[in-house]
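Novice: After the sequence you'll find the predicted model.
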Amino acid sequence: MSTELMSETVETEPRTDDAVDEASGDLVVEELLVEEISIDGMCGVY
Amino acid sequence: MDALTGGALTGAWELHPSVSLRPEPFGALAYHFGNRRLTFLRHPDVVSVVRALADHPTVDAALGACEVDERRWPSFHRALATLAASEMIRPRTSAGDDEPVQEAC
């Protein structure tokens, strides 16, 4: 199976969504670890 | 039975054989050649865990082997559930599920 997808490097920043737990006052860190990407409308790009 | 239980995956899992991971500075791109879905894995740790799933009997065993801080496990559980829903990872049914390779991550 080919492992080559694209030649370009995709730039994105790791994102962390922080929220404060009102009950405990502790900082609750919610990490966005995966992001699904729609490629609809990309016909003609590849 | 391996399944989603309250958002957390139970049982043994593995990267779907139709999925290719391409390393990126932020983590990796996952592309499924069957359903043509594309997903960003936005942290190197989640890439390590996804690769390690095949060597461990449970998600939590893989998280532990990859030395992921337990405070981050809920986020990883949600991320892996998302990957399961899009068939990027699948329940593992092959023999040897009960023989984890603890050093693999």
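Specialist: Okay, I see it.
Novice: For chain A, tell me whether stretch B:66-77 is touching it.
Specialist: Yes: residues of stretch B:66-77 contacting chain A under Cβ under 8 Å from any Cβ of the partner chain: B:Arg71, B:Arg72, B:Ser75, B:Phe76. C-betas here are computed from N, CA, C, even on glycine.
Novice: Rebuild the residues you listed as a markdown table, extending it with neighbour count.
Specialist: Compiled in a markdown table, the residues of stretch B:66-77 next to chain A are given as follows (neighbours: other Cβ atoms under 10 Å in any protein chain shown):
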| residue | neighbour count |
| --- | --- |
| B:Arg71 | 10 |
| B:Arg72 | 18 |
| B:Ser75 | 21 |
| B:Phe76 | 27 |
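Novice: quick one: which helix or strand includes B:Trp73?
Specialist: Taking DSSP states H and E as the criterion, B:Trp73 maps to helix B:73-85.
Novice: An error on my part: the question was meant for B:Ser20.
Specialist: strand B:19-24.
Novice: And the average pLDDT for whatever helix or strand comes next after the helix holding B:Trp73 is what?
Specialist: Scanning forward in sequence from helix B:73-85 by DSSP H and E, the next helix or strand is strand B:89-91. For strand B:89-91, mean pLDDT is 97.
Novice: Quick check: buried residues in strand B:89-91?
Specialist: Neighbour counts over strand B:89-91 (16 or more other Cβ atoms under 10 Å in any protein chain shown) mark B:Ile89, B:Arg90 as buried.
Novice: which residues sit against that strand?
Specialist: Contacts to strand B:89-91, defined as Cβ atoms under 8 Å, 6 or more residues apart in numbering or on different chains, come from residues B:2-3, B:11-16, B:19, B:50, B:53, B:80, B:83-84.
Novice: Return the list of strands paired to it, each annotated with direction.
Specialist: strand B:13-15 (antiparallel) (DSSP bridges).
Novice: hmm, who's touching the strand it pairs with?
Specialist: For strand B:13-15, the surrounding residues in contact (Cβ under 8 Å, 6+ apart) are B:2, B:21, B:50-51, B:53-54, B:59, B:80, B:84, B:88-92.
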